[in-house]
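> just coords:
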């Protein structure tokens, strides 16, 4: 798991991600709308929508909100037209940053992300400047109180997962992009609950950060995630677990 993904998970465990539920629901609703618009409103035939619904339910979104978002996506209800946008750039110490956004105004989003990066010692780059540094992978997060190491290893690897990583508070199952749904199904059949399952971008190499540089980059990650248009942030930093734990408590 990349440093950024681990930082996000540590904050979730400590209740520090999306403390304002409205912001979280905004991101989830936008993904539901776009998933339904691009692949149809039937989750059985639309894996992206199925994943969006699972994530919405995992975050206690009311079923009525989920259904309304899907109907907006399929055109049954009026709503804002969101476009997918990918932005690339660099943070302090040359950390590569890849953003995925859903926006109704690409120029505005680009300007605001540029400002956030600049304010935290980074800068926006050209299309393709860092995307080549990240590989597309499936990622499934399983809390350690939901299973044992032997059980998750056996179920995941038998289903075709590439790897299972022990990340202190949880296990992360890594899959090829096309195998994510198959491995998810295998875990469900064994009654192994997972808190998150999605396609993610895994950095090929990482930059080790400590001290003030680590704190600076983590503050930048927080600022980017707090932007309403930003759905996902990927970065190739590596910060020691003890530093992340310490900063996550502040």
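All right, it came through fine. What you see is a predicted model, and the numbers here were worked out from it, not measured in a lab.
> ok, and for the longest helix seen in the chain, which residues are buried?
As assigned by DSSP state H, the longest helix anywhere in the chain is helix 21-39. Neighbour counts using 16 or more other Cβ atoms under 10 Å place 24-25, 27-37, 39 of helix 21-39 among the buried residues. For every residue, glycine as well, the C-beta is placed using N, CA and C.
> ok, now stretch 140-147?
Those would be 140-142, 146-147, for stretch 140-147 by 16+ other Cβ under 10 Å.
> would you say residue 247 is within a strand?
No. The assignment for residue 247, made by DSSP: H, G, I helix; E, B strand; the rest coil, is helix rather than a strand.
> excluding covalently adjacent residues, which one is nearest to it?
residue 218 (5.8 Å; Cβ to Cβ, 6 or more residues apart in numbering).
> measure that neighbour to residue 200 for me?
18 Å (Cβ to Cβ, to the nearest Å).
> same check, this time on residue 191
Taken as Cβ to Cβ, the span from residue 191 to residue 200 is 24 Å.
> who has more neighbours out of these two?
Between residue 191 and residue 200, residue 200 has the larger neighbour count (other Cβ atoms under 10 Å), namely 22 against 10.
> so what's residue 47 up against?
Applying Cβ atoms under 8 Å, 6 or more residues apart in numbering, one finds that residue 47 lies in contact with 39, 180-181.
> which of those residues lies closest to residue 246?
residue 180 (32.8 Å; Cβ to Cβ).
> you'd agree the closest one is up against residue 200?
No. Applying Cβ atoms under 8 Å as the test, residue 180 and residue 200 come out as separate, 9.7 Å apart.
> overlap in contacts, those two.
residue 138.
> and the residue nearest the centre of this protein?
residue 232 (4.7 Å; Cα atoms, centre = their mean).
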